[in-house]
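> here's a sequence, model it:
(chains A and B)
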Amino acid sequence: MSNVPADLKYTKSHEWLRDLADGTVEIGITDHAQQALGDLVFVEVPEAGRTVKADEPCAVVESVKAASDVYAPLAGMITAGNPRLTAEPEAVNADPYGEGWLMRLKPSAGALAAAALLSAAEYQKLLEAEGA
Amino acid sequence: MAFIPHTEADVAAMLATIGVSRIEDLFDEIPPELRVKSLAGVPEALNEMEIGRLMSARARSDGIALSFIGAGAYEHHIPAAVWAITTRGEFYSAYTPYQAEASQGTLQLIYEFQSMIARLTAMDVANASLYDGASATAEAALMAVRANRKSRSARILMPLTLHPHYRRVAVATAANQGVRFEELPYAAQEGSTLAEALAKYDSEDITALVVPQPNFFGQLEDVDALTDWAHAHGILVIAVVNPTALALLKPPGEWGTRGADIAVGEGQPLGVPLSSGGPYFGFMTTRMEYVRQMPGRIVGRTLDAAGKEGFTLTLQAREQHIRRGKATSNICTNQGLLMTAATIYLSLLGPQGLARTAAASHARERELVSALTRVAGVRTAFTGPYFHEAVLQLDRPVAPVLEALAGRGILGGLDLAAYYPELGNALLVCATETKSSADIERYRSALSEALQKVRAA
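Numbers count the residues shown, from 1 in each chain, chains lettered A, B, ... in the order given. Below is the predicted model:
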């Protein structure tokens, strides 16, 4: 049973979003996603200043068995990639909702309201439907 | 390990298992109009004896020429042991099996090759080789676009002093993937990239700068200045180097303050004989921070479950079978046999042997240039330092002179008219350690006569 914190928003592709209340959001992959990938050996995060469209691949997580793209849940500008993950990709496995965040993004005007994000309950249902 | 094909009984058993009667039936979903029925122009198969006779006859028609052509492929002495060992059964089947780790000997050899190339270039990491120097340069351009994440332009500065074929292959491979190549002019006096030409890019978004060393003219580029300029502007440096020359010249990993970011080159000079343009092999190295953007196979050394040393394919998440369409390249193999020869060649020569080969080649080229420029109507085109090739300027068109020399059994060099018309009657000549003083004197006197003949005509 994976951990789905109630205060976050989610996507169908297993990213989570945290509203940092300063005009930016923090983005990572869910506990379910990190469990499915297994031990991460490499994480590539985007450069600050990069502009991304919604659903654009903007980070890569690579485990011993697979490499997957992480998609931007919202259009906006990257304000930070988590610098720690270059040396410690395992932080995503250990603490996916905390130290293992991937990037921070300043959403484009209206992008946050327009995005079809899932609540914790909806994401939980999605996981159950996927048989997780 | 053995490579044994399936027997007819094996094939029949497999077809029976999946309920198909003939192998041909497996292709029935390809529409008949797309199938090639006959290969017009391709002759009937010959048996080994027949093909051996045909090829021997073709080879004899070349004669035994004294060659002073370099231009990307170089005649060096290859110790007899190199190919005696390379063609042993353990090495001669160049393909790595699908369970690559079952072939530890092959992987160990690749690992040693990578280690030698990394040391020769003073770079962190090498791959298991690529097809040739030109395709390695094209792959380096694509790699630089992935690696330089601060640049969004995919614009690459490519000096005119880079091998003209490499430039064409880079454009053919990468231009349709959105990479834009811009040519950099060279200094008419020195025959090396014009430093002042870089200033116009000072405030532009440029992804990478290609730096050939030595360049196509044989001249040495100011690699330190070019590297430092590039890095000061957030531009990655792709070194295109001659591996023999690296035994004497500063390796790319030490260029400028930070060193080059990617170094590639043609591996042929390391134990691969000249043979009508190939097969040769390319090599590629980079900094550890860009290793995940590097194409090709990489072998690593590790410990197995019992704690014993072993070799394994590593970082495969870059490759097609894992990353599919997002793989770093469609390259998923290497030039195994030629890389094997190069590893044995480097092992036999050692660093000192390679340095002596490079020094002897340079000395022979100086001797050649000095002999040929004593001939009336011949002078050097450039003033800068060169390695084992140089451009000569003749007072008559080059083509008829080369023809007259060929009649005397001498391949006098490459006529640059088609590649660099602005240089006029320019001839690129190369000498390596394989040329004796007598060979050089033979060329000098033949050139003198050939020029007189052309003048008289």
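
> in the chain, which helix is the longest?
In the absence of a named chain, this looks at chain A. In chain A, assigned by DSSP state H, the helix with the most residues is helix A:120-129.

> try chain B instead
Per DSSP H, chain B has its longest helix at helix B:336-372.

> quick one: the closest residue to chain A within the stretch 301-450 of chain B and residue A:41, what's the gap?
Here the residue of the stretch 301-450 of chain B nearest chain A is residue B:317; by CB to the nearest CB that distance is 4.0 Å. Heads up, the C-betas are built off the backbone N, CA and C, glycines and all. For residue B:317, the distance to residue A:41 equals 8 Å [CB to CB, to the nearest Å].

> anything in contact with each of the two?
Shared contacts of residue B:317 and residue A:41, defined by CB atoms under 8 Å, 6 or more residues apart in numbering or on different chains, comprise residue A:62.

> higher neighbour count, these two?
A count of neighbours by other CB atoms under 10 Å in any protein chain shown puts residue B:317 above the other of residue B:317 and residue A:41, at 22 against 15.

> I'd assumed the more buried one was in a strand, is it?
No - counting by DSSP: H, G, I helix; E, B strand; the rest coil, residue B:317 is located in no strand; its state is helix.

> who's in contact with it?
Counting by CB under 8 Å, 6+ apart, residue B:317 makes contact with A:42, A:62, A:66, A:67, B:292, B:323.

> contacts only, for residue B:233.
Going by CB under 8 Å, 6+ apart, the list of residues near residue B:233 reads B:201, B:202, B:206.

> in CSV, list those along with pLDDT and neighbour count.
As requested, these are exported to CSV (pLDDT from 0 to 100; neighbours: other CB atoms under 10 Å in any protein chain shown):
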residue, pLDDT, neighbour count
B:201, 96, 18
B:202, 95, 10
B:206, 98, 22
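
> from the contact counts, what lies against the longest helix of chain B?
helix B:80-86, helix B:89-92, helix B:104-121, strand B:389-394, strand B:426-430, helix B:437-456 (3 or more CB pairs under 8 Å, 6 or more residues apart in numbering or on different chains; DSSP states H and E).

> quick one: the ones you listed as a markdown table, columns for mean pLDDT, mean neighbour count and distance to residue A:82 too.
Shown next, in a markdown table, are those (pLDDT from 0 to 100; neighbours: other CB atoms under 10 Å in any protein chain shown; distance: least, CB to CB, whole Å):
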| stretch | mean pLDDT | mean neighbour count | distance to residue A:82 |
| --- | --- | --- | --- |
| helix B:80-86 | 97 | 16 | 48 |
| helix B:89-92 | 85 | 12 | 46 |
| helix B:104-121 | 96 | 21 | 30 |
| strand B:389-394 | 98 | 24 | 50 |
| strand B:426-430 | 98 | 24 | 52 |
| helix B:437-456 | 96 | 17 | 63 |
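
> would you list these in CSV and tack on distance to chain A?
Formatted as CSV, these follow (distance: least, CB to the nearest CB, whole Å):
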stretch, distance to chain A
helix B:80-86, 35
helix B:89-92, 31
helix B:104-121, 19
strand B:389-394, 41
strand B:426-430, 43
helix B:437-456, 54
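
> residue B:193 is nearest to which of the ones you listed?
Set against residue B:193 and scored by CB to CB, these come closest in strand B:389-394, at 15.1 Å.

> Provide the strand pairings for the closest one, with the direction of each partner.
Here strand B:389-394 has these sheet partners by DSSP bridges: strand B:378-380 (antiparallel), strand B:426-430 (antiparallel).

> nearest to residue B:150 among these would be which one?
Of all those, it is strand B:426-430 that lies closest to residue B:150, at 37.8 Å by CB to CB.

> list the contacts of that closest one.
The contact list for strand B:426-430 (CB under 8 Å, 6+ apart) reads B:68-71, B:74, B:216-218, B:365, B:368-369, B:372, B:381, B:388-394, B:398, B:401-402, B:412-417, B:420.

> restrict that strand to CA atoms and write it as PDB.
Extracted in PDB, the C-alpha atoms of strand B:426-430 (Å, rounded to 0.1, in the frame of the first residue of the first chain):
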ATOM      1  CA  ALA B 426      47.000  22.900 -53.800                       C
ATOM      2  CA  LEU B 427      48.200  19.400 -53.000                       C
ATOM      3  CA  LEU B 428      47.900  17.700 -49.600                       C
ATOM      4  CA  VAL B 429      50.900  15.400 -48.900                       C
ATOM      5  CA  CYS B 430      51.500  13.000 -46.100                       C
END
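
> for chain A, which segments count as strands?
Using DSSP state E, the strands of chain A run over A:9-10, A:15-19, A:25-29, A:40-44, A:51-52, A:57-63, A:67-71, A:76-81, A:103-107.

> let me know the average pLDDT across the second one.
Along strand A:15-19, the predicted confidence averages to a pLDDT of 95.

> the most centrally placed residue in chain A - nearest residue in space that isn't next to it in sequence?
For chain A, the residue nearest the mean C-alpha position is residue A:28 (2.4 Å; CA atoms, centre = their mean). Nearest residue to residue A:28, sequence neighbours excluded (CB to CB, 6 or more residues apart in numbering or on different chains): residue A:101, at 4.5 Å.

> show me the contacts for residue B:207.
B:144, B:145, B:148, B:151, B:153, B:154, B:155, B:156, B:235, B:236.

> if I look at the first one, how far off is chain A?
Just to be clear, that refers to residue B:144. Per CB to the nearest CB, to the nearest Å, residue B:144 is found 16 Å from chain A.

> quick check: closest non-adjacent residue to that residue.
The shortest distance from residue B:144 to any residue other than its chain neighbours is 3.7 Å, reached at residue B:208 (CB to CB, 6+ apart).

> the one you found bridge partners, please.
residue B:156, residue B:236.

> which residues touch it?
Applying CB under 8 Å, 6+ apart, we find residue B:208 in contact with B:140-141, B:144-145, B:148, B:156-157, B:230, B:235-238, B:261-262.

> where in chain A is pLDDT low?
A:1, A:132 (pLDDT under 70).

> now do chain B
B:1-3, B:94-97.

> which residue ranges make up each domain of it?
Recorded structural domains for chain B (assignment: automatic domain parsing) are B:8-62, B:83-343, B:357-456.

> and the second one, how far out from the chain's middle?
The one in question is domain B:83-343. The chain centre lies 9 Å from the centre of domain B:83-343; the measure is CA atoms, centre = their mean, to the nearest Å.

> same check, this time on the first one
The chain centroid and the centroid of domain B:8-62 are separated by 31 Å under CA atoms, centre = their mean.

> so who does residue B:292 touch?
Applying CB under 8 Å, 6+ apart, the residues near residue B:292 are A:42, A:44, A:62, B:315, B:317, B:318, B:328.

> specify the local secondary structure of it.
With three-state DSSP as the criterion, residue B:292 reads helix.

> which bits of chain B sit near chain A?
B:149, B:150, B:292, B:317, B:322, B:323, B:326 (CB under 8 Å from any CB of the partner chain).

> with secondary structure as added columns, please give these in JSON lines.
Below are the residues of chain B next to chain A laid out as JSON lines (three-state DSSP):
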{"residue": "B:149", "secondary structure": "coil"}
{"residue": "B:150", "secondary structure": "coil"}
{"residue": "B:292", "secondary structure": "helix"}
{"residue": "B:317", "secondary structure": "helix"}
{"residue": "B:322", "secondary structure": "helix"}
{"residue": "B:323", "secondary structure": "helix"}
{"residue": "B:326", "secondary structure": "helix"}
